[in-house]
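Asks: Quick one, fold the following:
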Amino acid sequence: MDRFDERLSAYASRPGWTAVLGYEEGDVVGFCFGTTLAPDTKCWNSMLTPLSASTMSENGKRTVALNEIVVRKAWRGRSVAWQLHEAWLTHRTEERVTLLVNPLNGDGAVQAVYEAWGYRKLGDRQPFADSPVFSVMLRSVTQGDV
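Replies: Here you go, the predicted structure:
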């Protein structure tokens, strides 16, 4: 939990950070948050799969990173994550959104959900020496855009 608190504080202090909370009858059922990638982002530095310079180019307005999406257990399987995700993206002005997903979570089911939401895998990334290897996924902020 300390590591999460540390990361949350770091993310929330960055320009462009926003969050969405979901409620049902006054109970918080989930949340998601993320922040704009700065021109000097190190987001693409730990890629294990080489990407083109144009893919990695950031100007502080191009890409938003979805840092976390969490739904309480009792509300899972009811499209709450999708609703939170889309509500959060509604207020974003960037052209694309990226996220990391552990491809082993749910034996690949979590990554398949993001694919169903329009994300495509760009490659693999290990952001910290002690972290798993994640799939880096990307999609347009506005569904239907290329």
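Asks: So Val28 sits against Ala19, correct?
Replies: No: Val28 is beyond contact range of Ala19, at 11.6 Å (criterion: C-beta atoms under 8 Å). For glycine as for every other residue, the C-beta is placed from the backbone atoms N, C-alpha and C.
Asks: Those two - which one has more neighbours?
Replies: Neighbour count, other C-beta atoms under 10 Å: between Val28 and Ala19, Ala19 has more, with 16 against 12.
Asks: Once you drop chain neighbours, what's closest to the more buried one?
Replies: Leaving aside its sequence neighbours, Ala19 sits nearest to Phe33 (C-beta to C-beta, 6 or more residues apart in numbering; 3.7 Å).
Asks: how about the most centrally placed residue in the chain, secondary structure?
Replies: Nearest to the mean C-alpha position of the chain, counting by C-alpha atoms, centre = their mean, stands Leu66 at 2.3 Å. Of the three states, Leu66 takes strand according to DSSP: H, G, I helix; E, B strand; the rest coil.
Asks: List the contacts of it.
Replies: Going by C-beta atoms under 8 Å, 6 or more residues apart in numbering, Leu66 touches 32-34, 85, 88, 97-99.
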